[in-house]
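> no FASTA, just this:
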């Protein structure tokens, strides 16, 4: 009897759940299913964007073109007359074959990505699409670093704002400003601030404090490019992280802290035994969405670095709009999709947030 | 023991305000620089070294100009853009919150089969870079032949709806199960439970999520640029700013762009101030915690 | 209770906004792009509407609207609407591609960049079929050739652009120098002036600024260096990859020595506006830029007002000065419902009288040669006279020869050059790799 009633109730609950899901699913299916399906499909073709050219199915060719890598050993050069290994006069290092002569050219050409030595041998790492491999590297480094910094700073800001002090309201509003500045414009603003001479804020300040002569090329020299991107992104999106974490903090009941205080737990212990565990779900969601945005980073790279260094999304844009290579661009989209999915699963698993548990 | 403690407390407090100040500077100084730049003429922007306040290049006297703001206010497209953006961002947020909270309640509190796949499916909708889906989306919108404003609201669902759904799901899940069960015992249908008990409790989360979604929709550029291209009257603020031009081609009216950026940030700040009261009020009123 | 009022308020808001949004239908308001007085009357059923997608820049747009109005005055029954498009070439291209992908008939006439005719050729009609034969001889032959694909005139030249050397007359006088005629001379002079000015206390002063960021502008700059040293044009008009030659290598290696000496380190991150900011702030002796910087430099608050002049760019040791051809054309969409009228509008807008109006009122460089001898034009813009030679000798980028792959070619080229400028590679190695890349992209033979 009891069992029967329960299953009846469960059925009703299930029906309600489906009904509640309907609006969201309809909207998403209506608007997203065709574009997403098209991206998957196109990634297996050689379709040209805005072109009447015949489209052919090419299987995994686009993926192969983007992701193929190879490692080849470079032999030391031997002088034909003396039969001795050639040594560079200036540096005293052995001279090796040139990668361009070693890397395979058929059926697709590999280009040099990096050289490295291992156990006394010299190797070259070649890739069919060096720019895309570089874009993946840039984007992942950018994402991991900036999301980590945003988490730390965002948590700090959220904890500060969540505590009671004078000027709390003002702080809370102020903290949101960077997130509110229109993205495209904020990229232009940073470009101006990072100008390579003293018309830029940073060079002017560095010069005023006597640290440099005020002519650092932040956006042109490779050692500053990624750090600059990260600084811009952390500035822009820390508020996003902070606000989500703050909302999570506010759902933690004060009584828990009071009880812990009575038990003699200090603030650090309170943080690790109460705040952190209870904040995990909010943190997981915040991390997932920040990572998702960071992996798709576009505006900042596009405006500040143009085509000198790519992110995955700007490389995608360049292939689609510049080269009109829609098949290849779609394959890039799918690869980004898979990487994001991987990150999402890692977060959910490692933070122990179970997505299908109800209580 | 006691004097030592107060000293430590004072030190802590000092440290606290110091950290606060650093955060403030980091978050606000770039915005100050935008305001500073918006008050400069082109010649003042080109001065080396750049000045902390607008100064006359020749005499070094304080010389801010409101010219950039005047130009921006005279720009019909910009004014209209603010209106369009407001409509679009509000509608997007409202729609994403309503549909999202429905879905989130089901996903966070109700038992049904296929929950995990549904969650991932919803998230998957937002995992492609915008430029990849742009062409397909444009085809859908042309096929539906929707006016630009509506098509923007709908297409913004791609990134706002999964966001609101996921965030709200995690908040619903955090609510105690006891509430749900006692409501069921009282004979409330699941929908009544959602509407009368759960929704008010998540109001603070709704406000936060709504704000973030609002700003995301407010700032979007690529979709807006494409979908309003043929319908200039529907252009949003970011597009209107991208259409700012100098007197001649290639000249970038940097001061005006900064002025516009400052101008459109202000209403958002006001919005935050307004809703922040809500957040606090919601919290204190929603005393049913724990 | 309070919660519920709040909720219902939210619902009302949703309804209100969706209603509002629903009412804001597209036809409600005409395009609001110009002065109200020039707003065309609401087109009636029988009127043919021709939409011209053109530049959004203030005066340029106004001049286009004026031309549209004149056409409408002469041709009742035709309504010409001007649709402004983003000033950033890349955004504009992205937008056009979306129109073409959808085969949209909404835009009839497109303003296109000088490098697009080859790549976008399939979307445009042949203007020779609509009477362009009669006028095409008036325009600069280099541009006409650039706009001709397989014998079809894809676009009619509208206004043009080319690289120029800007130099500070006051500083050349101060250091007793003549405008440089070779790159070598320029480098020496820049060094002398930069040293002198820095010694006098201007620590921000640099010798020479140009466009060295990794973008299309660097292709323009580097092409000028190479072409001026008899190094070819990357890919020859016949479709042979010529880039890997001694003259080209020599020039690029030379340019790499400028970075960090006569030009700031940051030059490899600079576009037109970055260079102009330094120049117009009075902090550079020389600048490579397009003609647009001239009128801006002569404005009242400019630090270089009346202290500069322009000349053709210097030449390499083995060649003649070269300037990269820029500028904009008008093309008629194949998807237009009224191609005949659209072509008539395009030809009208690019006609002698209209180009003259744009030259006199907007300092836009005509593509019609006779206009450089027209008294009214020369009176309004005296420096046009000195531009004539630059335009007649301008070098087109290999966009038509490498179509539809020009963008990929140019990107490979400017990224290779950028690598050399940043000191990661020497030009010989970079170009050895580049010619293979170009072969992969185009399938052409290597010289």
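Yep, that arrived. These numbers come from a predicted model, not from an experiment.

> Who are the packing partners of the helix or strand hosting residue B:104?
Element membership for residue B:104 (DSSP states H and E) is helix B:76-109. Applying 3 or more C-beta pairs under 8 Å, 6 or more residues apart in numbering or on different chains; DSSP states H and E, one finds that helix B:76-109 makes contact with helix A:2-42, helix B:115-124, helix B:148-174, helix B:203-219, helix B:237-242, helix B:254-285, helix C:2-23. All C-beta atoms are positioned from the backbone trio N, CA, C, and that covers glycine.

> For residue B:137, find the nearest of the ones you listed.
The minimum distance between residue B:137 and the helices and strands packed on helix B:76-109 falls on helix A:2-42, with 4.7 Å, by C-beta to C-beta.

> other SSEs contacting the next helix or strand after that closest one?
Counting by DSSP H and E, the next helix or strand C-terminal to helix A:2-42 is helix A:61-67. On a contact count with 3+ C-beta pairs under 8 Å, 6+ apart, helix A:61-67 meets helix A:130-162, helix A:326-350.

> what about the first one and chain B, touching?
Yes: with C-beta under 8 Å from any C-beta of the partner chain as the threshold, helix A:130-162 lies in contact with chain B, specifically through A:153, A:156, A:157, A:160.

> any idea which element the closest residue to the third one other than its chain neighbours lies in?
I take that to be residue A:157. Once flanking residues are discounted, residue A:157 sits nearest to residue A:242: 4.1 Å by C-beta to C-beta, 6 or more residues apart in numbering or on different chains. Following DSSP H and E, one finds residue A:242 within helix A:222-250.

> Could you do residue C:285 as well?
Residue C:285 belongs to strand C:284-289, assigned by DSSP H and E.

> JSON lines please, covering the helices and strands packed on helix B:76-109 and showing distance to residue C:100, mean pLDDT and mean neighbour count.
JSON lines is the format used below for these (distance: least, C-beta to C-beta, whole Å; pLDDT from 0 to 100; neighbours: other C-beta atoms under 10 Å in any protein chain shown):
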{"stretch": "helix A:2-42", "distance to residue C:100": "16", "mean pLDDT": "85", "mean neighbour count": "16"}
{"stretch": "helix B:115-124", "distance to residue C:100": "30", "mean pLDDT": "91", "mean neighbour count": "18"}
{"stretch": "helix B:148-174", "distance to residue C:100": "19", "mean pLDDT": "92", "mean neighbour count": "25"}
{"stretch": "helix B:203-219", "distance to residue C:100": "28", "mean pLDDT": "89", "mean neighbour count": "24"}
{"stretch": "helix B:237-242", "distance to residue C:100": "20", "mean pLDDT": "92", "mean neighbour count": "26"}
{"stretch": "helix B:254-285", "distance to residue C:100": "29", "mean pLDDT": "78", "mean neighbour count": "19"}
{"stretch": "helix C:2-23", "distance to residue C:100": "29", "mean pLDDT": "45", "mean neighbour count": "14"}
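
> re the thing from before, mean pLDDT and mean neighbour count added to the helices and strands packed on helix A:61-67, as CSV?
Listed next are the helices and strands packed on helix A:61-67 as CSV, based on pLDDT from 0 to 100; neighbours: other C-beta atoms under 10 Å in any protein chain shown:
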stretch, mean pLDDT, mean neighbour count
helix A:130-162, 93, 20
helix A:326-350, 92, 21
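
> quick one: low-confidence ranges for chain A?
Scanning chain A with the threshold set as pLDDT under 70 gives A:1-6, A:353-359.

> and it, which of its residues are near chain C?
Checking chain A against chain C by C-beta under 8 Å from any C-beta, the hits are A:48-52, A:100, A:105, A:109, A:111, A:195-199, A:213-217, A:219-222, A:306-308, A:318, A:321-324.

> Please pick the buried ones from the residues you listed.
A:48-51, A:100, A:109, A:111, A:195-199, A:214-217, A:219-221, A:306-308, A:318, A:321-324 (16 or more other C-beta atoms under 10 Å in any protein chain shown).

> Okay, domains of chain C per the record?
The record's domain parsing of chain C by automatic domain parsing lists C:45-153+C:326-392, C:164-324+C:397-446.

> For the ones you listed, give me a markdown table that also has distance to chain B, mean neighbour count and mean pLDDT.
Below are the domains of chain C laid out as a markdown table (distance: least, C-beta to the nearest C-beta, whole Å; neighbours: other C-beta atoms under 10 Å in any protein chain shown; pLDDT from 0 to 100):
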| stretch | distance to chain B | mean neighbour count | mean pLDDT |
| --- | --- | --- | --- |
| domain C:45-153+C:326-392 | 4 | 20 | 93 |
| domain C:164-324+C:397-446 | 4 | 21 | 95 |
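
> Which one, of those, ends up nearest to chain A?
Across these, chain A has its closest neighbour in domain C:164-324+C:397-446 (2.2 Å, C-beta to the nearest C-beta).

> Do the closest one and chain A come into contact?
Yes: applying C-beta under 8 Å from any C-beta, one finds domain C:164-324+C:397-446 touching chain A at C:203-204, C:212-215, C:264-270, C:274, C:277-278, C:281, C:283, C:404-405, C:407-408, C:411, C:414-415, C:418, C:422, C:432-433, C:436-437, C:440.

> Among those residues, name the ones in helices.
Members of the residues of domain C:164-324+C:397-446 next to chain A lying in helices (criterion: DSSP state H): C:274, C:277-278, C:407-408, C:411, C:414-415, C:418, C:432-433, C:436-437, C:440.

> I'd like a version of the helices and strands packed on helix A:61-67 in CSV, one that adds distance to residue B:33 as further columns.
Putting these into CSV (distance: least, C-beta to C-beta, whole Å) gives the following:
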stretch, distance to residue B:33
helix A:130-162, 20
helix A:326-350, 33
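
> To residue B:274, which of those lies closest?
The minimum distance between residue B:274 and the helices and strands packed on helix A:61-67 falls on helix A:130-162, with 17.2 Å, by C-beta to C-beta.

> related to what we said a few turns ago, please flag which of the residues of chain A next to chain C sit within helices.
A:100, A:222.

> Among the residues of chain A next to chain C, which ones lie close to chain B?
Okay, of the residues of chain A next to chain C touching chain B (C-beta under 8 Å from any C-beta), that's A:49, A:197, A:198, A:199, A:214, A:321.

> Which single one of the residues you listed is nearest to chain B?
Chain B lies nearest to residue A:198 out of those, by C-beta to the nearest C-beta, at 3.9 Å.

> What lies in contact with stretch C:385-394?
Stretch C:385-394 has contacts (C-beta atoms under 8 Å, 6 or more residues apart in numbering or on different chains) with C:140, C:142, C:160, C:162, C:164, C:291, C:310-312, C:320-325, C:365, C:369, C:372, C:378.

> can you tell me which of these are in strands?
Counting by DSSP state E, the contacts of stretch C:385-394 place C:160, C:162, C:164, C:310, C:311, C:325 in strands.

> close enough to count as contact, the fifth one and residue C:179?
What it means is residue C:311. Yes: between residue C:311 and residue C:179 a contact is recorded at 5.1 Å, counting by C-beta atoms under 8 Å.

> got any residues that touch both of these two?
In contact with both residue C:311 and residue C:179: C:165, C:167, using C-beta under 8 Å, 6+ apart.

> still on that earlier bit, the helix holding residue B:104 versus helix B:203-219: what angle between them?
Helix B:76-109 and helix B:203-219 meet at an angle of 140 degrees, taking axes from the mean of the first three to the mean of the last three C-alpha atoms, to 10 degrees as the criterion.

> Please tell me how far helix B:76-109 is from the chain's geometric centre.
10 Å (C-alpha atoms, centre = their mean, to the nearest Å).

> Good, wrapping up.
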